[in-house]
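Asks: give me a 3D structure for the following:
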Amino acid sequence: MSNVMPGMNPNWPRWVLASASKQFIDYFDAQGIFSFVHSDDSNTGQFQNGIEFRLDGPNGKWLTRTEWDLYIEISLLITTMRDDKDAHILERYLGIAASALTSAIPIFRFGDDATFLEGCFTLEAEGREPLVLAKFGIVQVDLPVIQASANGHYKGRFINPK
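Replies: Residues are numbered from 1 along each chain as shown. You can find the predicted model right below:
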């Protein structure tokens, strides 16, 4: 047996992004909320009520010859238009985003074998808060835009048999 540390599976970043973004975008679609993945063409550049999905990671910690703990952070940027008829629109969107972040995230091999479950992330963080909500308020005085973010920190155990 070699003493060389096996690398992280080069497919994990792709599978993680595809699986997580699909889960969140599908959830927001079911709620009737416009959403898009950061840097996706769905971003029109125009301010509107909606949620932008961002993912950082996966970052890894090698445990055994084949086991890895992977960590991801999902950031949801919530944008709402100031509405004199609905003073709580930002809080409603923030609540929906927080609810979405509390679900486990199964990772499938999208693009290869989408029926194969590669692993699962759960909301959990070592040394920091697993779920963080922050309100930014009015972004610019002359724009009727209010923003907030919901961030989830996740951990999952994955096997790379190579």
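Asks: rest of the way, CA atoms for contacts and neighbours
Replies: Noted.
Asks: where exactly do the strands run in the protein?
Replies: Remark: strands assigned in the chain by DSSP state E are 35-37, 50-62, 67-81, 105-109, 113-123, 131-138, 145-159.
Asks: how near is the residue nearest the centre of the chain to residue 160?
Replies: Nearest residue to the geometric centre of the chain (C-alpha atoms, centre = their mean): residue 74, 3.0 Å. Distance, residue 74 to residue 160, by C-alpha to C-alpha, to the nearest Å: 23 Å.
Asks: what's near enough to touch residue 124?
Replies: By C-alpha atoms under 8 Å, 6 or more residues apart in numbering, residue 124 lies in contact with 130, 153-155.
Asks: need the pLDDT of it.
Replies: Residue 124 carries a pLDDT value of 88.
Asks: lowest pLDDT pick from the contacts of residue 124?
Replies: Note: of the contacts of residue 124, the lowest pLDDT belongs to residue 130, at 92.
Asks: is that one in contact with residue 155, as I believe?
Replies: No. The pair residue 130 and residue 155 does not pass the contact test of C-alpha atoms under 8 Å, sitting 9.7 Å apart.
Asks: these two - which one has more neighbours?
Replies: Neighbour count, other C-alpha atoms under 10 Å: between residue 130 and residue 155, residue 155 has more, with 23 against 18.
Asks: pLDDT of the longest helix seen in the chain, averaged?
Replies: Longest helix of the chain, by residue count under DSSP state H: helix 12-30. What helix 12-30 shows for mean pLDDT is 96.
Asks: go on, stretch 132-149?
Replies: For stretch 132-149, mean pLDDT rounds to 89.
Asks: which parts of that stretch are buried?
Replies: By neighbour count on 16 or more other C-alpha atoms under 10 Å, the buried set for stretch 132-149 is 138, 145-149.
Asks: same question, stretch 25-34
Replies: Residues of stretch 25-34 classed as buried: 25, 27-28, 33-34 (neighbour count, 16+ other C-alpha under 10 Å).
Asks: farthest pair in those?
Replies: 27 and 34 (10.5 Å; C-alpha to C-alpha).
Asks: from residue 35, how far out is residue 83?
Replies: As judged by C-alpha to C-alpha, residue 83 and residue 35 stand 19 Å apart.
Asks: these two - which one has more neighbours?
Replies: Neighbour count, other C-alpha under 10 Å: between residue 83 and residue 35, residue 35 has more, with 22 against 13.
Asks: now do the more buried one against residue 61, distance only.
Replies: For residue 35, the distance to residue 61 - C-alpha to C-alpha - is 31 Å.
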